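# below are the sequence and a predicted model for it; my questions follow.
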Amino acid sequence: QVHLVESGGGLVQTGGSLRLSCAASGRAFSSAAMGWFRQAPGKEREFVAAITRDGSITYYSGSVKGRFTISKDNAKNTVDLQMNRLKPEDTAIYYCAATTSSPYTARNVYDYWGQGTQVTVSS
């Protein structure tokens, strides 16, 4: 079992930065790959970024690559998402999730989800 709690969302202007953090409880965290997804109003939940269980490989959607960075700290049981050069279209609820399956970009392989944190980017 893995329990996930996101934090760090908020309101930021276009071009600004935010850092999301996901705190995990449960011994399975170090065995899990982690992902960040987002869901905007009226849209499907979409993949944003993922990282392998040891943190050695990362994956990004095309819309955030070069602006967002995912990192994982197995000693602290946290996974962070540094978001730079934010755009209004990044506005969404952001969720972290854990999986022991692949592909890490697929929403349906994730077994555990946090409650989400709101990110709003004003123009």
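Now that the structure is in, tell me what you want to look at. Residues are numbered from 1 along each chain as shown.
# residue closest to the middle of this protein?
Note on the chain: the residue nearest the mean C-alpha position is W36, at 2.2 Å, using Cα atoms, centre = their mean.
# let me see the contact set for it.
Contact analysis of W36 by Cβ atoms under 8 Å, 6 or more residues apart in numbering lists L20, C22, V48, A49, A50, I70, V79, L81, Y94, Y95, C96, A97. (Glycine included, C-beta is placed from N, CA and C.)
# so which of those sit within strands?
L20, C22, V48, A49, A50, I70, V79, L81, Y94, Y95, C96, A97 (DSSP state E).
# possible to save those residues as CSV with pLDDT?
Below are the ones in strands among the contacts of W36 laid out as CSV (pLDDT from 0 to 100):
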residue, pLDDT
L20, 98
C22, 97
V48, 98
A49, 98
A50, 98
I70, 98
V79, 97
L81, 98
Y94, 98
Y95, 98
C96, 98
A97, 97
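# closest to A40 among those?
Y94 (10.3 Å; Cβ to Cβ).
# wait, that closest one sits on G10?
No - with contacts defined as Cβ atoms under 8 Å, Y94 does not count as touching G10, sitting 11.0 Å away.
# between the two, point out the one with more neighbours.
Higher neighbour count among Y94 and G10: Y94, with 23 against 13, using other Cβ atoms under 10 Å.
# got a pLDDT number for R27?
If you check R27, the pLDDT there is 75.
# which residues are in contact with it?
For R27, the contact set (Cβ under 8 Å, 6+ apart) is empty.
# got the contact list for stretch 37-47?
With Cβ under 8 Å, 6+ apart, stretch 37-47 has contacts from 35, 48, 61, 89-97, 105-107, 110, 116, 119.
# how much space is there between the closest residue to A106 other than its chain neighbours and T14?
With sequence-adjacent residues excluded and distances taken as Cβ to Cβ, 6 or more residues apart in numbering, A106 is closest to F47, at 7.5 Å. Here F47 is placed at a distance of 23 Å from T14 (Cβ to Cβ, to the nearest Å).
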